[in-house]
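Enquirer: with the sequence up front, the predicted model follows.
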Amino acid sequence: MPSLSDTIVDVRELIGRPGTSRRLERHIPAPADLSDAIVKIGPEVTVRGVIESVVNGLLVRATVEAPARVACVRCLTERAETVHAEAVELFSAPDERDEHAVDPGYEVAKRAIDLDTLLRDALAAALPVRPLCRPECAGLCPTCGADLNVDPCDGHPEQHDQRWSALADLQLPDVPR
């Protein structure tokens, strides 16, 4: 998980100076809680872009990239991929009159901004939802677990679902149609 020192950017030279800007490039440890059994992000996330001072605050335009190990949801074959996202977010000072005027995580506080929320929002939206190794992936055999793309099996016709065995001898009367 990224520490505060990794995600905090000192912006004191930009506050209250519309029209000024500065480049942004950070290599931040990947948030572990964005990874799951299908997509593993990391070990590092790169944020590149520019921070611009505007009348309403600081506009961050950035590209967020992270290496990932992505597993096919049908056959579980893993491959390396780069998750790439564009982010444009406005960071502004909280308004004392309206506490809901600034989105949580996008505040300018103590002359600094925290990129953690921007990074999480951008990556979460860019992660593949149902990745496939290829569109025609056959998946795994539900009985034996064989990869049907590599080693087709016969489907195990001799095996019956034991949950239905109580109904095997059931005799129903013929109903006229």
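Expert: Sure, I can see it. Being a predicted model, the structure only gives us computed values, none of them experimental. Numbers count the residues shown, from 1 in each chain.

Enquirer: make it CA atoms for all contacts and neighbour counts henceforth
Expert: OK.

Enquirer: pLDDT below threshold where in the chain?
Expert: Low-confidence regions of the chain, defined here as pLDDT under 70, cover residues 1-5, 95-102, 155-160.

Enquirer: quick one: the helices in it?
Expert: Ranges of helices within the chain are 4-7, 116-126, based on DSSP state H.

Enquirer: turn these into JSON lines, columns for distance to residue 40 and mean neighbour count.
Expert: Listed next are the helices of the chain as JSON lines, based on distance: least, Cα to Cα, whole Å; neighbours: other Cα atoms under 10 Å:
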{"stretch": "helix 4-7", "distance to residue 40": "20", "mean neighbour count": "14"}
{"stretch": "helix 116-126", "distance to residue 40": "12", "mean neighbour count": "17"}
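
Enquirer: residues contacting the residue lying closest to residue 6 once chain neighbours are set aside?
Expert: Nearest-residue entry for residue 6: residue 28, 5.8 Å, with adjacent residues in sequence omitted and distances by Cα to Cα, 6 or more residues apart in numbering. Residue 28 makes contact with 2, 6, 7, 44, 45, 46, 47, according to Cα atoms under 8 Å, 6 or more residues apart in numbering.

Enquirer: how about the helices of the chain in JSON lines, adding distance to residue 109?
Expert: Putting those into JSON lines (distance: least, Cα to Cα, whole Å) gives the following:
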{"stretch": "helix 4-7", "distance to residue 109": "13"}
{"stretch": "helix 116-126", "distance to residue 109": "14"}
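
Enquirer: and the gap between residue 173 and residue 165?
Expert: From residue 173 over to residue 165 the distance is 19 Å, taken as Cα to Cα, to the nearest Å.

Enquirer: should've said residue 132
Expert: Distance of residue 132 to residue 165, computed by Cα to Cα: 36 Å.

Enquirer: how about the residue nearest the centre of the chain, nearest residue that isn't a chain neighbour?
Expert: Residue closest to the mean C-alpha point of the chain, counted by Cα atoms, centre = their mean, is residue 124 at 3.1 Å. With Cα to Cα, 6+ apart as the measure, residue 34 is the residue that lies nearest to residue 124, at 7.1 Å, once sequence neighbours are left out.
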